[in-house]
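**Q** just the structure for this:
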Amino acid sequence: MKRLALILIICAAHAHAQTLAGSGPISGYDFMEPTTQQLQDDDFINPAFFLVDRGLALWDQPSPTNSKSCGNCHQDIETDMYDVSRQYPKYDTKLSKFINLEMKINSEIVNKLDASPLAPGSEDLLALTSLIGLQSRGLPMASASNAETQPWIERGNTIYKTKRGQLNLSCADCHQDHWGDRLRGDTISQGQINAFPIFRLIWGEVGSLQRMFTWCMNAVRSEPYNNDSDEYLALEAFLTKRAQGLTIETPGVRR
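**A** Alright, predicted model coming up:
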C-alpha cells in the first residue's frame with residue numbers, strides 16, 4: 001500500500017506539472033501547499049509584512065546627518081514608487097553601472113541622505129526593498145531590452161546553465177529540466193523570482209534574492225559569489241527576463 005501511495009503521489013505531481021507546462025513561466029506560488037499560499041494571500045498574516053511596516057517607518061525617518069528622509073523627495077509612496085521595482089536590474093546612466101533595486105536604494109541613501117549604505121541582506125535594506133516592491137505588486141515582470149542590459153542577460157544565462165560544485169549541478173538542471181519532479185518530499189519549482197524579497201519558512205525570516213542564490217550554491221556544494229557581485233547581477237538580469245509573463249507578488253512567502 002505504501003508503494004502504491006508513493007506511485008500515486010508521483011503521478012499526481014507529474015500530471016500537475018504537465019497541466020502547468022503549457023502555460024508559460026510558472027510562479028513558485030503554484031507549487032506551494034494551500035496553507036502556505038494562504039499566508040501570502042492575506043496581508044494581515046503574511047509574515048513578510050512586518051518588514052513592510054518597518055520600511056514605512058524608515059521611509060519617513062530623518063537622516064542623522066542632514067535631516068532628510070525618503071519621504072521628503074517621494075512624498076506619496078504609492079504614487080511615486082508605483083512601477084519602480086520592476087524596472088530593475090538596469091544600467092543606471094547617472095551611476096554609470098548596472099545595478100539592482102537594493103543598490104539603487106543604497107545609492108539614494110548615500111547621495112541624497114548623506115548616510116552610510118545599508119548592508120546587503122540587512123533588515124533595513126530588506127524592509128525598504130519590500131516596501132518599494134509592494135507598490136508594483138500585480139504588475140507584470142519586465143526586462144529591459146536595451147544594448148546595456150543584453151550582455152548582462154547573456155552572461156546570466158551562461159551562469160544559469162553552468163554546472164558547479166561537488167554535485168556538478170547547474171540552476172537549469174533543477175529549475176529548467178526537472179521542475180515538477182519531486183525532491184526530498186518537495187516539488188521542484190521553476191525557480192522564478194517574481195516574489196522577492198520573500199519570507200521563507202525554513203529560514204524563519206525574510207531574505208533577499210541574492211541570499212537565495214547563495215543558499216542554492218551552498219546546496220550543490222559550490223562556492224557562492226559575493227553579494228552585489230557582477231555574477232549575481234547578471235543572474236538576476238537573466239532570471240528577470242525569464243520571468244516575463246508572471247506578475248509581481250512582493251512580498252512573497254515560500255517554503
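**Q** where in this structure is the helix or strand with the lowest mean pLDDT?
**A** Sorting the helices and strands of the chain by mean pLDDT, DSSP states H and E puts helix 2-21 at the bottom, at a mean of 40.
**Q** quick check: pLDDT value at Arg182.
**A** As predicted, Arg182 sits at a pLDDT of 87.
**Q** can you tell me how far it sits from Ile188?
**A** 7 Å (Cβ to Cβ, to the nearest Å). For glycine as for every other residue, the C-beta is placed from the backbone atoms N, C-alpha and C.
**Q** try Thr129
**A** 26 Å.
**Q** who's more crowded, those two?
**A** Taking other Cβ atoms under 10 Å, Thr129 and Ile188 do not tie; Thr129 has more neighbours (27 against 19).
**Q** which other helices and strands contact the strand or helix carrying the more buried one?
**A** Using DSSP states H and E, the element containing Thr129 is helix 123-134. The contact analysis (3 or more Cβ pairs under 8 Å, 6 or more residues apart in numbering; DSSP states H and E) places helix 123-134 against helix 49-59, helix 101-111, strand 205-207.
**Q** let me know the next secondary structure element after it.
**A** Next element after helix 123-134 (DSSP H and E): helix 150-161.
**Q** and the helix or strand following that next one, C-alpha only, in CSV?
**A** Per DSSP H and E, the first helix or strand lying C-terminal to helix 150-161 is helix 171-175. Taking Å, rounded to 0.1, in the frame of the first residue of the first chain, the C-alpha atoms of helix 171-175 are listed here in CSV:
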residue,chain,number,x,y,z
CYS,A,171,20.5,26.1,-12.0
ALA,A,172,19.0,24.7,-15.2
ASP,A,173,19.4,21.1,-14.1
CYS,A,174,16.8,21.6,-11.4
HIS,A,175,14.6,24.6,-12.4
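**Q** direction included, what does the following helix or strand past helix 171-175 pair up with?
**A** Helices and strands here follow DSSP H and E; after helix 171-175, the next one along the chain is strand 182-183. Applying DSSP bridges, strand 182-183 is found paired with strand 186-187 (antiparallel).
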